[in-house]
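> Here's my sequence, what's the structure:
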Amino acid sequence: MSRYIAFLRAINVGGHNVKMSQLIQLFESLGLKNVESFIASGNLVFDAKAGNVKTLEKKIETKLHEALGYEVATFIRTNAELDEISKHKPFPQVQLDTATALNIAFIANPIDDQAKQKLMALQNEIDAFHVHGREIYWMCQKKQSESKFSNAILEKAIGAKATLRSINTVRKMAEKYT
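Numbers count the residues shown, from 1 in each chain. Now for the predicted structure:
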């Protein structure tokens, strides 16, 4: 068995309120073991037989769509990947020290050069971006409420689904589960 972390899009935002106990039951109904939630925003940790992660993502997405009635994009990472993501330094430390927020967007596949150019064109005095594998790091230099950037704008720019988590959440998960 391998340990995996699933980051779910559209859980407990935008009027979709799902109890973590319900998500845990849905994951367990798929044969996943030792399922735990980490804060009520769609982060689930579980054990499963090692295999094709893309197939597992699709299986979870299908189950959640059937049970919840709407699409829930699912982004799975291994313990090792989560640890690396939490330790990655996407910007110089001097910039990180003055930033008010650092968020990570989880995506299914690395973006191509055209999508990266569209994303980088959104940079400004408040928002900066760094692409690393299947993650996009978003640094906000002022209050996020002052930024015009959002998950919807990100998805439009890159042409793919994404879900955002704060670096603090990712680091706490890495500390607890890796």
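> Show residues contacting the lengthiest helix in the chain.
With residue count as the measure and DSSP state H as the assignment, the chain has helix 53-68 as its longest helix. Applying Cβ atoms under 8 Å, 6 or more residues apart in numbering, the contact partners of helix 53-68 are 4, 6, 8, 16, 18, 22-23, 26-27, 29-30, 48, 71-76, 78, 108. For the C-beta atoms, the positions are set from N, CA and C on the backbone; glycine is no exception.
> and those, which of them are in helices?
Using DSSP H, these in helices are Gln22, Leu23, Leu26, Phe27, Ser29.
> Quick check: the gap between the third one and Leu64.
Using Cβ to Cβ, to the nearest Å, we find Leu26 at a distance of 6 Å from Leu64.
> Looking at the two, which one has more neighbours?
Neighbours were counted for Leu26 and for Leu64 using other Cβ atoms under 10 Å; Leu64 has more, 25 against 20.
> Show me what counts as buried in the longest helix of the chain.
The neighbour-count check on helix 53-68 (16 or more other Cβ atoms under 10 Å) flags Val53, Leu56, Glu57, Lys59, Ile60, Glu61, Lys63, Leu64, Leu68 as buried.
> Stretch 126-139 now?
Neighbour-count burial for stretch 126-139 [16+ other Cβ under 10 Å]: Ile126, Asp127, Ala128, Phe129, His130, Val131, Arg134, Glu135, Ile136, Tyr137, Trp138, Met139.
> The most centrally placed residue in the chain and Asn151, how far apart?
By Cα atoms, centre = their mean, the chain has its centre lying nearest to Phe106, at 3.6 Å. Going from Phe106 to Asn151 by Cβ to Cβ gives 11 Å.
> for Asn52, same thing?
27 Å.
> between these two, who's got more neighbours?
A count of neighbours by other Cβ under 10 Å puts Asn151 above the other of Asn52 and Asn151, at 18 against 9.
> Thanks a lot, catch you later.
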